[in-house]
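Enquirer: no sequence for this one, just the structure:
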(Lines give C-alpha, C1' and ligand atoms only; values in the text may rest on other atoms or scores of the structure.)
Protein backbone atom coordinates (compact mmCIF):
# COMPACT_ATOMS: atom_id res chain seq x y z
CA UNK A 1 0.00 0.00 0.00
CA UNK A 2 1.53 3.26 -1.09
CA UNK A 3 2.06 6.08 1.42
CA UNK A 4 -0.81 8.23 2.59
CA UNK A 5 -0.65 12.05 2.33
CA UNK A 6 -0.83 14.83 4.91
CA UNK A 7 -3.00 17.35 3.12
CA UNK A 8 -4.97 20.48 4.04
CA UNK A 9 -7.96 21.91 2.14
CA UNK A 10 -6.08 24.55 0.22
CA UNK A 11 -2.78 22.91 -0.62
CA UNK A 12 -1.98 19.28 -1.33
CA UNK A 13 1.35 18.79 0.42
CA UNK A 14 3.94 16.01 0.45
CA UNK A 15 3.30 12.64 1.94
CA UNK A 16 5.05 11.49 5.07
CA UNK A 17 3.24 8.28 5.96
CA UNK A 18 5.10 5.02 5.71
CA UNK A 19 3.85 1.73 4.38
CA UNK A 20 5.84 -1.16 5.50
CA UNK A 21 5.90 -4.36 3.53
CA UNK A 22 6.26 -7.44 5.74
CA UNK A 23 5.58 -11.10 5.72
CA UNK A 24 3.38 -11.43 8.77
CA UNK A 25 2.73 -15.08 9.10
CA UNK A 26 5.51 -15.86 11.53
CA UNK A 27 9.04 -14.88 12.42
CA UNK A 28 11.75 -14.44 14.96
CA UNK A 29 14.94 -12.49 15.31
CA UNK A 30 18.14 -14.30 14.57
CA UNK A 31 20.09 -14.96 17.72
CA UNK A 32 17.89 -12.88 20.00
CA UNK A 33 15.36 -15.60 20.88
CA UNK A 34 17.79 -17.61 22.98
CA UNK A 35 16.96 -17.67 26.68
CA UNK A 36 18.38 -19.48 29.68
CA UNK A 37 15.79 -21.83 31.20
CA UNK A 38 14.53 -20.50 34.50
CA UNK A 39 11.23 -19.99 36.27
CA UNK A 40 11.31 -16.23 35.76
CA UNK A 41 12.22 -16.55 32.08
CA UNK A 42 9.37 -19.02 31.53
CA UNK A 43 6.92 -16.71 33.30
CA UNK A 44 7.87 -13.87 30.96
CA UNK A 45 7.89 -16.01 27.83
CA UNK A 46 4.17 -15.73 27.14
CA UNK A 47 1.55 -13.12 27.98
CA UNK A 48 -0.74 -14.01 30.87
CA UNK A 49 -3.02 -11.10 29.98
CA UNK A 50 -3.55 -8.62 27.15
CA UNK A 51 -1.84 -5.39 28.17
CA UNK A 52 -2.91 -3.70 24.93
CA UNK A 53 -6.59 -4.49 25.53
CA UNK A 54 -6.32 -3.48 29.18
CA UNK A 55 -4.95 -0.11 28.03
CA UNK A 56 -8.11 0.41 25.97
CA UNK A 57 -6.52 0.11 22.52
CA UNK A 58 -9.20 -0.04 19.84
CA UNK A 59 -8.69 -2.81 17.26
CA UNK A 60 -7.68 -1.76 13.75
CA UNK A 61 -8.96 -4.27 11.18
CA UNK A 62 -6.41 -5.82 8.83
CA UNK A 63 -7.35 -6.31 5.18
CA UNK A 64 -7.88 -10.05 4.54
CA UNK A 65 -5.94 -11.79 1.78
CA UNK A 66 -7.08 -14.47 -0.64
CA UNK A 67 -4.34 -16.99 -1.49
CA UNK A 68 -4.25 -19.05 -4.68
CA UNK A 69 -1.56 -21.70 -5.09
CA UNK A 70 -0.14 -21.62 -8.61
CA UNK A 71 2.37 -24.47 -8.17
CA UNK A 72 2.60 -26.65 -5.06
CA UNK A 73 6.28 -27.38 -5.65
CA UNK A 74 8.14 -30.68 -6.01
CA UNK A 75 9.23 -33.12 -3.33
CA UNK A 76 7.93 -33.51 0.21
CA UNK A 77 4.88 -31.29 0.56
CA UNK A 78 3.80 -30.07 3.98
CA UNK A 79 1.22 -27.61 5.23
CA UNK A 80 3.05 -24.58 6.72
CA UNK A 81 0.96 -24.71 9.88
CA UNK A 82 1.60 -22.30 12.72
CA UNK A 83 3.17 -23.77 15.88
CA UNK A 84 3.28 -20.84 18.37
CA UNK A 85 6.22 -20.93 20.78
CA UNK A 86 5.01 -19.93 24.25
CA UNK A 87 8.29 -20.92 25.93
CA UNK A 88 10.41 -17.96 24.81
CA UNK A 89 9.64 -14.37 23.75
CA UNK A 90 10.65 -13.01 20.36
CA UNK A 91 12.78 -9.91 19.89
CA UNK A 92 12.96 -8.30 16.46
CA UNK A 93 13.36 -4.83 14.98
CA UNK A 94 11.24 -3.29 12.24
CA UNK A 95 12.74 -0.41 10.21
CA UNK A 96 10.64 1.48 7.69
CA UNK A 97 11.60 4.40 5.45
CA UNK A 98 9.01 6.18 3.33
CA UNK A 99 9.74 8.83 0.73
CA UNK A 100 7.38 11.17 -1.11
CA UNK A 101 8.40 13.88 -3.53
CA UNK A 102 6.23 16.49 -5.25
CA UNK A 103 7.39 19.39 -7.40
CA UNK A 104 9.18 21.75 -5.02
CA UNK A 105 9.04 19.48 -1.98
CA UNK A 106 10.31 16.15 -0.71
CA UNK A 107 9.70 14.26 2.49
CA UNK A 108 11.23 11.13 4.01
CA UNK A 109 10.61 9.43 7.33
CA UNK A 110 12.48 6.56 8.96
CA UNK A 111 11.27 4.72 12.06
CA UNK A 112 13.45 2.12 13.80
CA UNK A 113 11.27 0.09 16.16
CA UNK A 114 12.48 -2.75 18.44
CA UNK A 115 9.68 -5.15 19.40
CA UNK A 116 9.38 -7.89 22.00
CA UNK A 117 6.50 -10.20 21.11
CA UNK A 118 4.81 -12.83 23.29
CA UNK A 119 1.99 -15.18 22.43
CA UNK A 120 -0.86 -15.39 24.90
CA UNK A 121 -0.18 -18.19 27.40
CA UNK A 122 -3.75 -19.47 27.13
CA UNK A 123 -4.61 -17.91 23.78
CA UNK A 124 -1.95 -18.34 21.06
CA UNK A 125 -4.14 -16.38 18.62
CA UNK A 126 -3.17 -13.26 20.58
CA UNK A 127 0.30 -11.72 20.20
CA UNK A 128 1.26 -9.02 22.70
CA UNK A 129 4.09 -6.62 21.80
CA UNK A 130 6.23 -4.26 23.87
CA UNK A 131 8.00 -1.41 22.09
CA UNK A 132 11.62 -0.75 22.96
CA UNK A 133 13.42 2.54 22.30
CA UNK A 134 11.99 3.77 19.00
CA UNK A 135 14.37 6.03 17.06
CA UNK A 136 14.71 8.01 13.84
CA UNK A 137 17.65 9.76 12.11
CA UNK A 138 15.42 12.84 12.00
CA UNK A 139 16.46 14.59 15.22
CA UNK A 140 13.10 16.32 15.72
CA UNK A 141 11.12 13.11 15.32
CA UNK A 142 13.72 11.16 17.29
CA UNK A 143 13.22 13.42 20.32
CA UNK A 144 9.48 12.74 20.22
CA UNK A 145 9.80 9.01 19.61
CA UNK A 146 11.70 8.48 22.84
CA UNK A 147 8.40 8.80 24.71
CA UNK A 148 7.03 5.75 22.85
CA UNK A 149 9.40 3.43 24.73
CA UNK A 150 7.38 0.91 26.72
CA UNK A 151 4.22 1.37 24.66
CA UNK A 152 2.00 -1.69 24.23
CA UNK A 153 0.60 -3.22 21.06
CA UNK A 154 -1.24 -6.39 20.23
CA UNK A 155 -2.15 -8.50 17.26
CA UNK A 156 -5.03 -10.93 16.85
CA UNK A 157 -4.09 -13.86 14.62
CA UNK A 158 -6.22 -16.22 12.55
CA UNK A 159 -5.27 -19.86 11.89
CA UNK A 160 -1.85 -19.93 10.25
CA UNK A 161 -0.83 -16.76 12.12
CA UNK A 162 -2.54 -14.52 9.55
CA UNK A 163 -3.20 -11.03 11.02
CA UNK A 164 -6.80 -10.15 11.77
CA UNK A 165 -6.59 -6.93 13.77
CA UNK A 166 -4.00 -4.69 15.40
CA UNK A 167 -4.12 -2.83 18.71
CA UNK A 168 -1.80 0.06 19.61
CA UNK A 169 -1.67 1.65 23.08
CA UNK A 170 0.91 4.49 23.07
CA UNK A 171 2.56 5.61 26.28
CA UNK A 172 0.56 8.36 27.96
CA UNK A 173 3.21 11.06 27.50
CA UNK A 174 3.84 10.33 23.79
CA UNK A 175 3.08 13.23 21.46
CA UNK A 176 0.84 13.13 18.41
CA UNK A 177 3.59 12.98 15.78
CA UNK A 178 5.35 10.09 17.52
CA UNK A 179 2.10 8.19 17.93
CA UNK A 180 1.26 8.68 14.26
CA UNK A 181 4.71 7.59 13.06
CA UNK A 182 4.56 4.35 15.07
CA UNK A 183 0.95 3.67 14.16
CA UNK A 184 1.59 4.12 10.45
CA UNK A 185 4.61 1.83 10.50
CA UNK A 186 2.77 -0.97 12.32
CA UNK A 187 -0.55 -0.66 10.50
CA UNK A 188 1.18 -0.56 7.12
CA UNK A 189 3.28 -3.62 7.97
CA UNK A 190 0.23 -5.66 8.91
CA UNK A 191 -1.91 -4.46 6.01
CA UNK A 192 0.74 -5.53 3.50
CA UNK A 193 1.55 -8.91 5.01
CA UNK A 194 2.39 -11.75 2.62
CA UNK A 195 -0.03 -14.59 3.30
CA UNK A 196 1.25 -18.19 3.23
CA UNK A 197 -0.90 -21.05 1.87
CA UNK A 198 -2.59 -23.35 4.35
CA UNK A 199 -2.44 -26.33 1.98
CA UNK A 200 0.63 -28.57 1.59
CA UNK A 201 3.50 -27.06 -0.40
CA UNK A 202 7.17 -27.79 -1.03
CA UNK A 203 10.24 -25.77 -1.94
CA UNK A 204 9.65 -24.17 -5.32
CA UNK A 205 5.96 -23.58 -4.63
CA UNK A 206 4.46 -20.35 -5.92
CA UNK A 207 1.24 -18.58 -5.03
CA UNK A 208 -0.70 -15.39 -5.54
CA UNK A 209 -2.10 -13.31 -2.68
CA UNK A 210 -4.71 -10.59 -3.24
CA UNK A 211 -6.28 -8.09 -0.86
CA UNK A 212 -8.20 -4.82 -1.15
CA UNK A 213 -6.78 -2.07 1.06
CA UNK A 214 -8.85 1.02 1.77
CA UNK A 215 -6.87 4.18 2.47
CA UNK A 216 -6.68 7.56 0.73
CA UNK A 217 -6.84 5.46 -2.42
CA UNK A 218 -8.56 2.07 -2.34
CA UNK A 219 -6.27 -0.37 -4.12
CA UNK A 220 -6.05 -4.02 -5.02
CA UNK A 221 -2.72 -5.40 -3.90
CA UNK A 222 -1.42 -8.48 -5.75
CA UNK A 223 1.58 -10.36 -4.40
CA UNK A 224 3.35 -13.13 -6.34
CA UNK A 225 5.39 -15.27 -3.93
CA UNK A 226 7.76 -18.23 -4.23
CA UNK A 227 9.11 -20.53 -1.51
CA UNK A 228 12.87 -20.75 -2.03
CA UNK A 229 13.88 -22.60 1.15
CA UNK A 230 12.29 -24.49 4.06
CA UNK A 231 14.60 -25.48 6.89
CA UNK A 232 12.99 -26.72 10.08
CA UNK A 233 10.28 -24.21 10.92
CA UNK A 234 11.83 -21.43 8.82
CA UNK A 235 10.62 -20.52 5.36
CA UNK A 236 12.36 -18.13 2.96
CA UNK A 237 10.07 -16.40 0.49
CA UNK A 238 10.85 -14.20 -2.49
CA UNK A 239 8.05 -12.00 -3.75
CA UNK A 240 6.95 -9.17 -5.98
CA UNK A 241 3.99 -6.90 -5.37
CA UNK A 242 1.88 -4.59 -7.46
CA UNK A 243 -1.04 -2.24 -6.73
CA UNK A 244 -3.85 -0.95 -8.91
CA UNK A 245 -6.56 1.52 -7.80
CA UNK A 246 -10.10 0.17 -7.49
CA UNK A 247 -11.51 3.51 -8.64
CA UNK A 248 -10.32 7.05 -9.40
CA UNK A 249 -11.14 8.54 -5.97
CA UNK A 250 -8.29 9.85 -3.81
CA UNK A 251 -9.76 10.96 -0.47
CA UNK A 252 -7.98 13.85 1.25
CA UNK A 253 -7.42 12.88 4.90
CA UNK A 254 -9.11 15.02 7.52
CA UNK A 255 -12.09 16.11 5.46
CA UNK A 256 -14.63 15.21 2.83
CA UNK A 257 -12.66 16.52 -0.14
CA UNK A 258 -11.16 14.27 -2.79
CA UNK A 259 -8.98 14.35 -5.88
CA UNK A 260 -9.13 12.27 -9.04
CA UNK A 261 -6.46 9.65 -9.75
CA UNK A 262 -5.50 10.02 -13.40
CA UNK A 263 -2.40 7.81 -13.27
CA UNK A 264 -1.10 5.40 -10.63
CA UNK A 265 1.73 2.91 -10.31
CA UNK A 266 3.25 1.19 -7.29
CA UNK A 267 5.32 -2.01 -7.27
CA UNK A 268 8.18 -3.64 -5.43
CA UNK A 269 10.01 -6.81 -4.54
CA UNK A 270 11.67 -8.40 -1.53
CA UNK A 271 12.73 -11.47 0.42
CA UNK A 272 11.43 -12.51 3.82
CA UNK A 273 12.26 -15.34 6.20
CA UNK A 274 9.52 -16.44 8.56
CA UNK A 275 9.42 -18.93 11.40
CA UNK A 276 6.18 -20.84 11.96
CA UNK A 277 6.79 -20.77 15.72
CA UNK A 278 6.83 -16.95 15.84
CA UNK A 279 4.44 -14.11 15.14
CA UNK A 280 6.70 -11.60 13.36
CA UNK A 281 9.28 -11.98 10.57
CA UNK A 282 12.77 -13.26 11.26
CA UNK A 283 14.50 -11.15 8.66
CA UNK A 284 13.81 -9.52 5.35
CA UNK A 285 14.15 -6.58 3.04
CA UNK A 286 11.73 -5.06 0.55
CA UNK A 287 11.81 -1.98 -1.65
CA UNK A 288 8.92 -0.25 -3.41
CA UNK A 289 8.70 2.59 -5.92
CA UNK A 290 5.69 4.31 -7.43
CA UNK A 291 4.06 7.49 -8.66
CA UNK A 292 0.61 9.00 -8.95
CA UNK A 293 -0.95 11.89 -10.75
CA UNK A 294 -3.80 13.57 -8.89
CA UNK A 295 -6.21 16.06 -10.46
CA UNK A 296 -8.25 18.67 -8.60
CA UNK A 297 -10.51 21.50 -9.73
CA UNK A 298 -8.04 22.61 -12.42
CA UNK A 299 -7.19 19.68 -14.72
CA UNK A 300 -4.36 21.75 -16.21
CA UNK A 301 -2.52 21.70 -12.87
CA UNK A 302 -2.22 18.06 -11.77
CA UNK A 303 -0.13 17.06 -8.76
CA UNK A 304 2.48 14.40 -9.50
CA UNK A 305 3.96 12.56 -6.52
CA UNK A 306 6.86 10.09 -6.56
CA UNK A 307 6.64 7.54 -3.74
CA UNK A 308 9.13 5.10 -2.26
CA UNK A 309 9.32 2.66 0.63
CA UNK A 310 11.90 0.32 2.10
CA UNK A 311 11.27 -2.17 4.91
CA UNK A 312 13.75 -4.22 6.91
CA UNK A 313 13.17 -6.84 9.58
CA UNK A 314 16.24 -7.80 11.54
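Expert: Thanks, I have the structure now. The structure presented is a predicted model; accordingly, all values stated were derived computationally and were not measured.
Enquirer: Please spell out which residues along stretch 245-263 are buried.
Expert: Using 16 or more other C-beta atoms under 10 Å as the test for burial, stretch 245-263 gives 245, 250, 251, 252, 259, 261. Glycine gets a C-beta too; all of them are placed from N, C-alpha and C.
Enquirer: and the end-to-end length of that stretch?
Expert: 9 Å (C-alpha to C-alpha, to the nearest Å).
Enquirer: Quick check: residue 264 vs residue 140, distance?
Expert: For residue 264, the distance to residue 140 (C-beta to C-beta, to the nearest Å) stands at 31 Å.
Enquirer: of these two, who's got more company?
Expert: residue 264 (18 against 9; other C-beta atoms under 10 Å).
Enquirer: what about the more buried one, which helix or strand?
Expert: Using DSSP states H and E, residue 264 falls within strand 258-275.
Enquirer: Tell me the helix or strand right after that strand.
Expert: strand 283-295.
Enquirer: quick one: least confident of the buried residues of stretch 245-263?
Expert: Lowest pLDDT within the buried residues of stretch 245-263 is found at residue 252 (88).
Enquirer: so that residue makes contact with residue 216?
Expert: Yes. With contact defined as C-beta atoms under 8 Å, residue 252 reaches residue 216; the gap is 7.3 Å.
Enquirer: Need the contact partners of stretch 77-87.
Expert: Contacts to stretch 77-87, defined as C-beta atoms under 8 Å, 6 or more residues apart in numbering, come from residues 25-26, 28, 42, 45-46, 118-121, 124, 157, 159-161, 196-202, 205, 230, 233, 235, 276-279.
Enquirer: list the buried ones in that stretch?
Expert: Quick answer for stretch 77-87 (16+ other C-beta under 10 Å): 80, 82, 84, 85, 86.
Enquirer: Kindly report the same for stretch 136-149.
Expert: Counting neighbours by 16+ other C-beta under 10 Å, one finds that the buried residues in stretch 136-149 are 136, 141, 142, 144, 145, 147, 148.
Enquirer: quick one, phi psi at the third one?
Expert: Yep, that's residue 142 we're talking about. Note on residue 142: backbone dihedrals following degrees, to the nearest 10 are phi -60, psi -40.
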